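>>> here is the input, now give the coordinates:
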Amino acid sequence: QVQLVESGGGLVKAGGSLSLSCGASGHTAKIAAMGWFRQVPGAEREFVATVTWYTGYTYYADSVEGRFTISKINANYTMYLQMSDLKVEDTAVYFCNVDISGYQFWGQGTQVTVSS
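Next comes the predicted model:
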């Protein structure tokens, strides 16, 4: 089992910036990748960004490419999402995700609200 604890998020005006972090604990030795997803009420959870744990490759949804940056610190199993030039449509609950040998684990989610 892996436990994920997210922090960050909150309320920001359009054009502003926010940072999210996610710390993993438990059986972390076989982490393959960590990432962020987001969800708005009534919609499916959607992919935002991911980083492969040992090679550091990053992938982004087209909607956030160039505005969001995902990063990690392997030593303390922590991942970050730096969000810039935020748009109203970025408003959602953001979930931390970890892939361990094909199994998916999720954080509890943190709210990001972007006002116009």
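>>> list the contacts of Leu20.
Going by C-beta atoms under 8 Å, 6 or more residues apart in numbering, Leu20 touches Glu6, Ser7, Gly8, Gly9, Trp36, Tyr80, Leu81, Met83, Tyr94, Cys96, Thr110, Val112. (Each C-beta comes from the backbone N, C-alpha and C, glycine too.)
>>> residues in contact with the residue most central in space within the chain?
Nearest to the centroid of the C-alpha atoms of the chain, with distances taken as C-alpha atoms, centre = their mean, sits Trp36, at 2.7 Å. Contact analysis of Trp36 by C-beta under 8 Å, 6+ apart lists Leu20, Cys22, Val48, Ala49, Thr50, Ile70, Met79, Leu81, Tyr94, Phe95, Cys96, Asn97.
>>> one more time with 7 Å
Residues counted as contacts of Trp36 (C-beta atoms under 7 Å, 6 or more residues apart in numbering) are Leu20, Val48, Ala49, Ile70, Leu81, Tyr94, Phe95, Cys96, Asn97.
>>> could I get the buried residue list for stretch 107-116?
Gly107, Gly109, Thr110, Val112, Val114 (16 or more other C-beta atoms under 10 Å).
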